[in-house]
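# Quick one, structure for this:
(2 chains)
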Amino acid sequence: MRANFIFSEVWIGLRRNLTMTIAVVITVAVGMAMLGVGLMINAQVGMMKGYWDDQVEVSVYLCSKGTAIESCKGKEITKAQMDSLQQLIKSTPGVDEVFFENQAAAYENFKKSFSANKALASVTKVEDMPQSFRVKVSDPDNYQSVIQAIQGKPGVSQVIDQAQLIGPFFQLLDKLSFTALAVAVILVMAAALLIGNTVRLSAFNRRRETGIMRLVGASNLYIQLPFVMEGMIAGLIGGVFAAIILIVTKVFLFEDLGRYLGDATAQLGWNDVAQSITFTMIIGVLICVLASFVTLRRYLRV
Amino acid sequence: MIHFDNVTKVYANQNRAALDHVSVDVDKGEFVFLVGPSGSGKSTFLRLILKEERPNSGAIHVAGKDLARLSNFKVPHLRRRIGCVFQDFRLLPNKNVYENVAFALEVIGKPRRFIRKVVPEVIELVGLEGKAHRMPDELSGGEQQRVAMARAFVNRPMILLADEPTGNIDPATSIGIMKVLDRINRTGTTVVMATHDAAIVDSMRKRVVELEDGKIVRDQSRGVYGQAY
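Numbers count the residues shown, from 1 in each chain, chains lettered A, B, ... in the order given. Alright, predicted model coming up:
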C-alpha cells in the first residue's frame, strides 16, 4: 500500500511538471556527462602518461658527415668520441639504459613512420639518417639533469627530450578535463536550482493533498517522500542519459585517442568507464535528492 | 481530554492577543460549542489543539499529552487522534467519495484490507451509502461536508474539531450535519465545534464556550448562542 501510494503520487507529480522534469533530466544528463568526460580524460591522461613515461627516451643525436649543426663543426663523430660519450652517459646519475641506434635501424624506423608518404621515404637514403644514443631515464620527471650532462659534449649534434614533445599535448588534455569539470560544476548548480523550482511547483500543485495529509497525521516522511522521489527519478533518468553519452564518448573518442597515442595498455578500459558512470550517477542522484530536500524545507510546512 | 491552562497566543506583527489567558477544560466525550464573533480567537483555539500554532505562554494538554513537550516528530501521531472538519470541506476534487475517505488512511500507512473494511462503514455512518463512487462536484454542499466528516472520523479519533462546518450550508441541510456530529459524539468522541450558527447552538443544548477578543466571557453547560436570545 505504502509503496503503491507513493509511486502513484510520484508519477502524477512528474507528469504534471513534465516540461520542468524534462529540463531537469537534460541538465542533469549534460552536467553528469561533462563530469564523467572530465573524469575519463583524467584517467586517460594518467594511463597515457604511464605509457609514455615507459616509452619516452632522451635522444642524443650524433654528428654525421657534413652536418650543418654548429656544435659538430662539420665533422663526423669519431669512434673514440663515441665510446667516451657512451661511458659518460652510462655513468650519469639517473640513467637507466643506453641503446645505440645506427643508421640502418634509424632508416627502418623512419620508413615505418612515413610509410604513408612514399615520395619522402623514397628520396631518403640510409646515409641521411643520424646515428643516436637512446637514453632511458629512471625518473621520467627528471630529464633535465641528464640532458645537461650530455649537451655540448664533443660529437653530440642535438639532445632531444621526447617528453617535451608530448608535454603540450598532455597540457591540452589537462585543460580539456578541467574545462569539462568546470562546465559540470556549473550545470550541477543549474540542475540543483531547476530541481528546486520543480519541487516548488509540485508542492504548490499538491498543496491540497499535502494539507490534508498533514491534517490527518501523515508522517513527514510520507508527505515529503513523493517530492524527493520525483527529484531522484529525474536525476536517475538524467544519469542514464549521461551514462549513454559516456559510453558513446568512450567508443568514438577515447578509443581513437588511445589508438593514436599508445598501444592497448593506454586504452581507457570499460572498468574506468563503469567507475565514471557509477560516480556520476551517485553524484547526480545525490544532488537531486539534496536539492529536493532543501526546497521542501522552505515550501512544504510540516 | 483538552486542557488549556492560562494560554496566551499573540501572532507575530500583531499587538492584540488572539487568545488572552484562556483556561478551559473539555472532558472526554463532551460536545462543546465555541462561539463568538469573527476574530474572537475560535480558530486560534482549534489550531493550538492541533499544534499548528504554539502558544506564547501557558500550557496545553491534549489527550494526556503536554503539547509543549511533544516533539515535532510526534505531532503527526497527535493529529491521527484528532479529526478535523472545515467550512470549505477540503476534499480532493479528483478523487471520489470512497477515495477521499480512504486517502486519510492510506497516507498514515493503514493496510488495504483494513481500509476496505472501515471506509464503507463510515460512509454509511455519515449517511452517504450508495454514493461512494460519486465525485465531489456531483454532490451537494451538505453531502460534501458529510464526506469531510467521514474522512475526519474514519480513523476513530478521540477528538473531532469542526471549524464552522455549517458555514457554507443552508439551515435545513445543517440539521443533518449536526445529526451526524451528534452520532459521532455518541460513539464517545469529544467534539469541539466553532460556529456562528445561533439556531444550531440553541437547538442542541450543549456546553457553550463564548470567546470575545481572545477572552472567555462565558462557559455554560447546556447553553444557548447568546444571552440576548
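# By average pLDDT, which secondary structure element in chain A comes out worst?
Within chain A, no helix or strand scores below helix A:255-260, which has a mean of 74 by mean pLDDT, DSSP states H and E.
# The very next helix or strand once past that one: which residues count as buried?
Next along the chain after helix A:255-260, taking DSSP states H and E as the criterion, comes helix A:270-299. Neighbour-count burial for helix A:270-299, counted by 16 or more other CB atoms under 10 Å in any protein chain shown, picks out A:272-273, A:276-277, A:280-281, A:283-285, A:287-289, A:291-292, A:295-296, A:299. Any C-beta I mention is one placed from the backbone N, CA and C, and that applies to glycine too.
# buried sites along the helix or strand harbouring residue A:232?
Element membership of residue A:232 [criterion: DSSP H and E] is helix A:220-249. Neighbour counts over helix A:220-249 (16+ other CB under 10 Å) mark A:220, A:222-243, A:245-246, A:249 as buried.
# what's the answer for stretch B:36-46, then?
Counting neighbours by 16+ other CB under 10 Å, one finds that the buried residues in stretch B:36-46 are B:36, B:40, B:41, B:42, B:43, B:44, B:45, B:46.
# Nearest residue to the middle of the chain?
This is for chain A. For chain A, the residue nearest the mean C-alpha position is residue A:41 (0.7 Å; CA atoms, centre = their mean).
# nope, chain B
Geometric middle of chain B (CA atoms, centre = their mean) lands on residue B:161, at 1.4 Å.
# ok, the helix holding residue A:232 near chain B or not?
Yes. Helix A:220-249 reaches chain B (CB under 8 Å from any CB of the partner chain) through A:220, A:222, A:223.
# Turn the residues you listed into CSV, columns for pLDDT.
Listed next are those as CSV, based on pLDDT from 0 to 100:
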residue, pLDDT
A:220, 84
A:222, 84
A:223, 86
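# Okay, domains of chain B per the record?
By the assignment in automatic domain parsing, chain B contains the domains B:1-81+B:158-229, B:92-156.
# pLDDT score for residue B:119?
If you check residue B:119, the pLDDT there is 96.
# I misspoke; the intended subject was residue A:152.
The model's pLDDT for residue A:152 equals 76.
# was I right about it contacting residue A:71?
Yes. Counting by CB atoms under 8 Å, residue A:71 is a contact partner of residue A:152 at 6.6 Å.
# higher neighbour count, these two?
Remark: of residue A:152 and residue A:71, residue A:71 carries more neighbours, 14 against 9, as counted by other CB atoms under 10 Å in any protein chain shown.
# Confirm the more buried one sits in a helix?
Yes. Using DSSP: H, G, I helix; E, B strand; the rest coil, the secondary structure at residue A:71 is a helix.
# list the contacts for it?
Contact analysis of residue A:71 by CB atoms under 8 Å, 6 or more residues apart in numbering or on different chains lists A:63, A:152, A:156, A:157.
# cool, and residue A:108?
Contacts of residue A:108 (CB under 8 Å, 6+ apart): none.
# what does the stretch 101-250 of chain A put close to chain B?
Near chain B, when you scan the stretch 101-250 of chain A using CB under 8 Å from any CB, you find A:208-209, A:211-220, A:222-223.
# From the residues you listed, list the buried ones, please.
A:209, A:212, A:213, A:214, A:215, A:216, A:217, A:218, A:219, A:220, A:222, A:223.
# sorry, back to before: out of the residues of the stretch 101-250 of chain A next to chain B, which are inside helices?
Among those, DSSP state H puts A:208, A:209, A:211, A:212, A:213, A:214, A:215, A:220, A:222, A:223 in helices.
# closest point of the stretch 201-302 of chain A to chain B, which residue?
Residue nearest to chain B within the stretch 201-302 of chain A (CB to the nearest CB): residue A:217, separated by 3.4 Å.
# okay, now the domains of chain A?
A:2-52+A:167-299, A:55-161.
# Can you flag the weakest of the ones you listed by average pLDDT?
domain A:55-161 (a mean of 78).
# Can you give me the end-to-end span of that one?
Taking CA to CA, to the nearest Å, the first and last residues of domain A:55-161 lie 12 Å apart.
# What of stretch B:97-114?
17 Å.
# Name the residues of it that are buried.
Buried, per 16+ other CB under 10 Å, within stretch B:97-114: B:97-108, B:110.
# Can that stretch be said to contact chain A?
Yes. Counting by CB under 8 Å from any CB, chain A has neighbours in stretch B:97-114: B:103, B:104, B:106, B:107, B:108, B:109, B:110, B:111, B:112.
# Just the pLDDT for the third one.
Put plainly, it is residue B:106. 89.
# Not counting residues beside it along the chain, what's closest to it?
residue A:5 (5.1 Å; CB to CB, 6 or more residues apart in numbering or on different chains).
# So which elements touch the helix or strand containing the residue nearest to the centre of chain A?
Using DSSP H and E, residue A:41 maps to helix A:18-55. On a contact count with 3 or more CB pairs under 8 Å, 6 or more residues apart in numbering or on different chains; DSSP states H and E, helix A:18-55 meets helix A:162-205, helix A:220-249, helix A:255-260, helix A:270-299.
# just checking, next helix/strand downstream of it?
Note on helix A:18-55: by DSSP H and E, the next helix or strand toward the C-terminus is strand A:58-62.
# quick one: low-confidence parts of chain B?
B:227-229 (pLDDT under 70).
# Near chain A, which residues of it are found?
B:50, B:72-73, B:76-82, B:84, B:90, B:92, B:103-104, B:106-112, B:115, B:151-152, B:155.
# among the residues you listed, which are in strands?
Among those, the members falling in strands (DSSP state E) are B:82, B:84.
# how much space between residue A:207 and residue B:11?
For residue A:207, the distance to residue B:11 (CB to CB, to the nearest Å) stands at 21 Å.
# where along chain B do the helices fall?
Taking DSSP H as the criterion, chain B contains helices spanning B:42-49, B:75-80, B:97-106, B:112-125, B:141-153, B:171-186, B:198-204.
# tell me which strands and helices the shortest one is in contact with?
Going back to what we said before, that points to helix B:75-80. helix A:207-215.
# And the contacts of the helix it packs on?
By CB under 8 Å, 6+ apart, helix A:207-215 touches A:9, A:203, A:222-223, A:300-302, B:50, B:76, B:79, B:84, B:90, B:92, B:103-104, B:107, B:151.
# Specify the angle between that helix and helix A:270-299 in degrees.
Going by axes from the mean of the first three to the mean of the last three CA atoms, to 10 degrees, helix A:207-215 is angled at 80 degrees with respect to helix A:270-299.
# that older thread, mean neighbour count, the domains of chain A: which tops it?
Comparing the domains of chain A on average neighbours per residue, with mean count of other CB atoms under 10 Å in any protein chain shown, the densest one is domain A:2-52+A:167-299 at a mean of 19.
# what does stretch A:95-106 rub up against?
Residues outside stretch A:95-106 that contact it (CB under 8 Å, 6+ apart): A:86, A:89-90, A:109, A:126-127, A:129-138, A:146.
# which ones among those residues are found in strands?
Per DSSP E, the contacts of stretch A:95-106 map to strands at A:132, A:133, A:134, A:135, A:136, A:137.
# Distance to residue A:256 added to these, as a markdown table?
Converted to a markdown table, those look like this (distance: CB to CB, whole Å):
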| residue | distance to residue A:256 |
| --- | --- |
| A:132 | 31 |
| A:133 | 34 |
| A:134 | 28 |
| A:135 | 31 |
| A:136 | 28 |
| A:137 | 29 |
